[in-house]
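Visitor: A predicted structure for the sequence below; I have some questions about it.
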Amino acid sequence: MTIKAVSVLRSVLLVAVSTILSAQLIAQEQDARLPYQYPPKLIAELKQIHNAALTSDYAYVQLAHLCNNIGPRLSGSPQAEHAVQYVAAEMRRLGLDVRLEKVMVPHWVRGAETAELVQFSGQAPGTTQKIVLTALGGSVATPAQGLTAEVVVADSFEHLATLGREKVAGKIILFNVRFDKQKAAQGLALDAYGEAVVYRGIGANAAAKLGAIGALVRSVGGADYRLPHTGGLGYANDAPKIPAGAVAAEDADLIAYLTAQGPVRMHLTLTPQTLPDVESHNVIADIKGSEHPEEVIIVSGHLDSWDLGTGAIDDGAGVVVAMQTAQLIKRLGLRPKRTIRVIAWMNEENGLMGGRTYAEDHKSELSHHVAAIESDLGAGHPTGFSAHASSRAFEMLRAVSTILQTSGAGIVRQTQNAEGADVFPLDAAGVPTLAPIQDNRTYFNYHHTAADTLDKVVPRELAENAAVTAVLAYAIANMPDRLPR
Ligand SMILES: [Zn+2]
């Protein structure tokens, strides 16, 4: 035989062997060309979970306790730690295998936060104008008696660069970038948020590089009730840390109006403190899988919240929906084949230390993490779920939508990015991530404000969210085949 013939024969043999192998695989895993089928027993169980979720008030009762009895749960606070103990006790009461995993978290405490315009065009003698604002999480303080400086408005980072050091040094910069309410009304609230939140995140650093002594951002949110929206900021090492806050949208408009007429001076007082890091915890609660206990499906939300409101939509709702997934499985006497792991993450809001620490501590087990679900966009009516997963995994999840569509949640959307901040490090390690798709048209009206309270959650819609998460988690736990990557 010639060398070429040998090589042809070898290829033919290889094709034959791989055909046999893939035929075996297909026999085991079902034909990839056909819609993926769930066994009738699994479908019946999923319907049972779906119906039970929709008629249960468990999630709402838990949310009421977290918000009204425990209260705001900022990382490092006594309430955050009490919430950890509460969720752990509740999961133990349901019979789950519970442990607390240590997470070191920042301990930032809000102080006084006031501002007034002390000089502006047309001012009535001897008067000032109050500005409604709140400190951004992680902000450094002004002197205790406050600082007074001219306010300069920047409409964008490009505009800031045009102003240059000459017009920025020694001033307070206001980034007056609108949250696009029209976009939010069209169902693209997260995109609207993404466009504006960058100024909250790095605006102070950009202003400080040009010598500013304070940075304000127009609140990143959609409401018209003179509510300031807090949120984390990030300082970088290439500029001094300067005090930073968010002003209500109405006050941003006021400042823009007055600065167009002449110089405006502000007296700004922010006295937050950053205390030493505190030991806190992720709550980890398992229902062990009966056949593949090492294979893990995470259902999660973040337990910490900002301090202004009581963290109902952000993200008590996500935590209680995950808790209810466990409660339903236990109540219905079901047994997942793979392990369902409820996680109440700590410190999503101002550090993401819970998600990062988990990914690091469980690094060697991540190849067995089948999927991670996180709900962190409120509790509005879910229209379905989204997944950052391979196309084959996505196809295997489609059957779930036939059950969920009876509660109006039949949409299945494949996304390009991780679903949820806490599960981002898992996503980066290749774990498929999923989330319910909520109606979030009004979510950013309350997000990170004093108005993030229990009344913003509609009990029926919360139950619908629990239904989506529980059905999804149980389906992945009990599919005949492991969800591929
Ligand atoms: Zn959140």
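Guide: Cool, got the structure. Numbering: from 1, shown residues only.
Visitor: SS state for residue 152?
Guide: The three-state assignment at residue 152 reads strand, by DSSP: H, G, I helix; E, B strand; the rest coil.
Visitor: the chain should start at 33 in everything you say after this.
Guide: All set: I'll call the first residue 33, so the last point we hit is now residue 184.
Visitor: what's the local residue count around it?
Guide: Burial of residue 184 is recorded as 20 neighbouring residues (other C-beta atoms under 10 Å). From N, CA and C alone the C-beta is placed, and that goes for glycine too.
Visitor: try residue 313
Guide: Here the count is done by other C-beta under 10 Å, and residue 313 has 24 residues near it.
Visitor: that one bridge partners, please.
Guide: For residue 313, the beta-bridge partners under DSSP bridges are residue 134.
Visitor: tell me how far it lies from residue 107.
Guide: Applying C-beta to C-beta, to the nearest Å, the value for residue 313 to residue 107 is 11 Å.
Visitor: same question, residue 459
Guide: For residue 459, the distance to residue 107 - C-beta to C-beta - is 22 Å.
Visitor: the two: which is more packed in?
Guide: More neighbours surround residue 107 than the other of residue 459 and residue 107, with 29 against 20 (other C-beta under 10 Å).
Visitor: so what's the more buried one up against?
Guide: 137-140, 310, 312, 336, 378-379, 381-383, 385 (C-beta atoms under 8 Å, 6 or more residues apart in numbering).
Visitor: list the contacts for the spatially closest residue to residue 416 that is not a sequence neighbour?
Guide: Counting by C-beta to C-beta, 6 or more residues apart in numbering, residue 416 lies nearest to residue 443, which is 3.0 Å off, once chain neighbours are set aside. Applying C-beta under 8 Å, 6+ apart, we find residue 443 in contact with 415-417, 433, 469.
Visitor: quick one, phi psi at residue 317?
Guide: When quoted as degrees, to the nearest 10, the phi and psi of residue 317 stand at phi -130, psi 120.
Visitor: apart from its chain neighbours, what residue comes closest to it?
Guide: That would be residue 123: by C-beta to C-beta, 6+ apart, it lies 3.7 Å from residue 317.
Visitor: what's the host helix or strand of the one you found in contact with?
Guide: Using DSSP states H and E, residue 123 falls within helix 110-125. Residues outside helix 110-125 that contact it (C-beta under 8 Å, 6+ apart): 94, 97-98, 102-106, 130, 132, 137, 312-313, 315, 317, 335-336, 351, 355, 358, 374, 376, 378.
Visitor: stretch 386-399 now?
Guide: Here stretch 386-399 has contacts from 133-137, 314, 326, 328, 334, 336, 375, 377-380, 401, 453-458, 460-463, using C-beta under 8 Å, 6+ apart.
Visitor: in ChimeraX, how would I select just the buried ones from these?
Guide: Selection of buried members from the contacts of stretch 386-399 for ChimeraX, criterion 16 or more other C-beta atoms under 10 Å:
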select :133,135,136,137,314,328,334,336,375,377,378,379,380,401,453,454,455,456,457,458,463
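Visitor: restricted to strands, list the contacts of stretch 386-399.
Guide: Among the contacts of stretch 386-399, the residues falling in strands (DSSP state E) are 133-137, 314, 326, 328, 334, 375, 377, 401.
Visitor: need the contact list for the residue in the stretch 33-182 of the chain positioned nearest to the ion.
Guide: Residue nearest to the ion within the stretch 33-182 of the chain (C-beta to the ion): residue 105, separated by 11.4 Å. By C-beta under 8 Å, 6+ apart, the residues touching residue 105 are 98, 111-112, 115, 335-337, 343.
Visitor: buried stuff in the helix holding residue 123?
Guide: So helix 110-125, judged by 16+ other C-beta under 10 Å, has buried residues 111-113, 115-116, 118-120, 122-123.
Visitor: repeat that for stretch 378-393.
Guide: 378-387, 389-391.
Visitor: the ion: which of those is nearest?
Guide: The closest of the buried residues of stretch 378-393 to the ion turns out to be residue 380 (C-beta to the ion; 5.4 Å).
Visitor: in this structure the closest one contacts residue 455, no?
Guide: No: counting by C-beta atoms under 8 Å, residue 380 sits too far from residue 455 to count as a contact (10.2 Å).
Visitor: how much space between the spatially most central residue of the chain and residue 377?
Guide: What sits nearest the mean C-alpha location of the chain, by C-alpha atoms, centre = their mean, is residue 408, with 4.1 Å. In this view, residue 408 and residue 377 are 9 Å apart by C-beta to C-beta.
Visitor: do you know how far the closest residue to residue 322 other than its chain neighbours is from the ion?
Guide: Nearest residue to residue 322, sequence neighbours excluded (C-beta to C-beta, 6+ apart): residue 367, at 4.9 Å. With distances taken as C-beta to the ion, to the nearest Å, residue 367 is found 32 Å from the ion.
Visitor: tell me where the stretch 33-182 of the chain has strands.
Guide: 129-141, 145-151, 161-163, 165-167, 179-186 (DSSP state E, counting those that start in this stretch).
Visitor: now do the first one and helix 110-125, the angle between them.
Guide: In other words, strand 129-141. With axes from the mean of the first three to the mean of the last three C-alpha atoms, to 10 degrees defining the directions, strand 129-141 sits at 170 degrees from helix 110-125.
Visitor: what about strand 129-141, average pLDDT?
Guide: In this model, strand 129-141 has an average pLDDT of 98.
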